[in-house]
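Below are the sequence and a predicted model; questions follow.
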Amino acid sequence: MTDPQTAETAIPWDTLAATATEAMKRAYVPYSKFPVGVAALLDDGRIISGCNVENASYGLTLCAECALVSALAMSGGGRIRAFSCVDGEGNTLMPCGRCRQLLYEFRAPDMVLMTVSGIRTMDEVLPDAFGPQHLT
Ligand code: THU
């Protein structure tokens, strides 16, 4: 079991929140007016980010996490060690259920998230997850 406290010491949470807040400012949200920004620390030390992009066909909205996992693939792949999601005020926001699944796919074994109830492991925010392990 991962100890979130141990992980916390090595993770630049302030930088992640600031990067997510900068990404949030690029959100395209004419419909919901609810900008979201996300940032992740990867296992090789890189930090990537993303924002939400809405569409006139509302159901096609791309959550900020969609941009993040695309950025992950496009920048060479890797695993997410730590994740931060913020709203339009820069306050911590919980990733939606679908996006927890997106993040789960690319988690490092000790991945942690900043949440409204503190630092949580991936397993805590998506218990008993379905994942790649079920398809082998
Ligand atoms: N949204 C995200 O980008 N990520 C989440 O995890 C929660 C919701 C976006 C989608 C939509 O553009 C807006 O927030 C309101 O639902």
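On my side now, so go ahead.

Find the residue at the geometric middle of this structure.
Centroid check for the chain by Cα atoms, centre = their mean gives F83 as the closest residue, at 4.7 Å.

Remind me which helix or strand that residue belongs to.
strand 80-86 (DSSP states H and E).

Give me the buried positions along the next helix or strand after that strand.
Moving toward the C-terminus from strand 80-86, the next helix or strand (DSSP H and E) is helix 97-105. Using 16 or more other Cβ atoms under 10 Å as the test for burial, helix 97-105 gives C99, R100, L102, L103, Y104. Quick note: C-beta positions are derived from backbone N, CA and C, even for glycine.

average model confidence for stretch 13-33?
The predicted model gives stretch 13-33 an average pLDDT of 98.

Spell out which parts of the chain neighbour the ligand.
Within the chain, the positions near the ligand by Cβ under 6 Å from any ligand atom are 29, 32, 34, 36, 52, 54, 61, 63-65, 95-96, 99.

Which parts of this structure are strands?
Along the chain, counting by DSSP state E, strands occupy 37-42, 47-51, 80-86, 107-115, 118-121.

before we move on, the earlier item: quick one: mean pLDDT for the strand holding F83?
98.

about what we covered before: ok, the buried residues of helix 97-105 vs the ligand, which is closest?
C99 (4.3 Å; Cβ to the nearest ligand atom).

Which pLDDT value goes with the closest residue to that closest one other than its chain neighbours?
If the residues on either side of it in the chain are set aside, C99 comes closest to E65, at 3.7 Å by Cβ to Cβ, 6 or more residues apart in numbering. With respect to pLDDT, E65 has a value of 98.
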